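Colleague: Based on what follows, work out the 3D shape:
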Amino acid sequence: MVRGKTQMKRIENATSRQVTFSKRRNGLLKKAFELSVLCDAEVALIIFSPRGKFYEFASSRMQESIARYRMHTEDAQAKNVPSEQNIEQLKHETAAMMKKIELLEASKRKVLGENLGTCNIEELQQLERQLEHSVSNIRTKKMQVYKRQMDHLKEKGNALAAENASLTEKCKFEPERGADGDRANIQFADISEVYDHVETDLFIGLPEARIRCLLFEN
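Modeller: Here you go, the predicted structure:
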C-alpha cells in the first residue's frame, strides 16, 4: 500500500524545532561544501536562525559572490525591460502598419466598386486599367484550363475509338465453308444485303437456316 506524502508544516515544539534546525543546517552546509569541491562550483550560502543568528559558507570570498550575484540580476533585468527608445520605435512601426492596413482596405473597397465618390478621373482610369489587366489574366488562365480539358477529352475519345474498332473487328463472323467449299467470309454487311432482298414469303425454321437458304438461292 502506497502512503501519501506527509504535508510539511512548522514544528510546534521549540526544543524539537531547534534540534531539527541544527541537524538540517549542518547537512546543508556540508552539501554546499561538497558541491563546491566535487563540481568546482562557486557556492555561497547564508542562513539566519529563528533567533537571528547568522551562518554562512562561501567557496570563495562572500562579498565577491554577492557582487557577482547583483551584477547578474541587474543585467537580466536590463535585458527584460525595453528601453524608452525601443518603445517609441515600436509605436512608430505600429502606427505605420495600421496606416498601410487602412490603405489596403480602401483600395480593396474601390476594386469592389465601393466608395468611388472621392476618386478623380485619373484614379478611376488607373482602377479601370487594373481591372482590365486582372480580367485579361483570368481569361488567359480560363483558356489554359479549357485547352487542358479538351486535350484530355480528345485523348479519351481516341482511346474509345481504338477500343471500338477492336471490338468491331472481334464481332465479325468467322469464315464458313459449305459442302462445295465456297460461300466463305460472310460478315454482317453480307447478311444486311441478304435481308434487303428477302421476299415476304412465309418461312418456318431457325433464322440461321433461313439465311443459308437465301444465300444458296442467290
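Colleague: hey, let's count contacts and neighbours off CA atoms from now on
Modeller: Will do.
Colleague: For the helix or strand containing E128, give the mean pLDDT please.
Modeller: Using DSSP states H and E, E128 sits in helix 121-170. When pLDDT is averaged along helix 121-170, the result is 89.
Colleague: For it, enumerate the helices and strands it packs against.
Modeller: The contact analysis (3 or more C-alpha pairs under 8 Å, 6 or more residues apart in numbering; DSSP states H and E) places helix 121-170 against helix 84-111.
Colleague: Show me what the helix it packs on is packed against.
Modeller: Packed against helix 84-111, as judged by 3+ C-alpha pairs under 8 Å, 6+ apart, are the following elements: helix 121-170.
Colleague: How far away from the center of its chain is the helix it packs on?
Modeller: The gap between where helix 121-170 is centred and where its chain is centred comes out at 29 Å by C-alpha atoms, centre = their mean, to the nearest Å.
Colleague: Return the angle between stretch directions for it and helix 84-111.
Modeller: 70 degrees (axes from the mean of the first three to the mean of the last three C-alpha atoms, to 10 degrees).
Colleague: so R70 sits in a helix?
Modeller: Yes: under DSSP: H, G, I helix; E, B strand; the rest coil, R70 falls within a helix.
Colleague: okay, now R24: neighbour count?
Modeller: Neighbour count of R24, defined by other C-alpha atoms under 10 Å: 12.
Colleague: Show me the protein divided up by domain.
Modeller: With domains defined by automatic domain parsing, the chain comprises 14-80, 120-171, 173-217.
Colleague: how about these, which one is nearest R109?
Modeller: domain 120-171 (11.4 Å; C-alpha to C-alpha).
Colleague: Quick one: find the helix or strand in the chain with the lowest mean pLDDT.
Modeller: One helix or strand of the chain scores below all others by mean pLDDT, DSSP states H and E: helix 188-196, with a mean of 47.
Colleague: So what's the residue count around L29?
Modeller: L29, neighbours per other C-alpha under 10 Å, totals 19.
Colleague: packing partners for the helix or strand harbouring it?
Modeller: Using DSSP H and E, L29 sits in helix 14-38. If you count contacts as 3+ C-alpha pairs under 8 Å, 6+ apart, helix 14-38 packs onto strand 44-48, strand 54-58.
Colleague: Relative to L153, which of those strands is closest?
Modeller: L153 lies closest to strand 44-48 among those, at 83.9 Å (C-alpha to C-alpha).
Colleague: relative orientation of that closest one and strand 54-58 in degrees?
Modeller: Interaxial angle of strand 44-48 relative to strand 54-58 (the same axes, to 10 degrees): 170 degrees.
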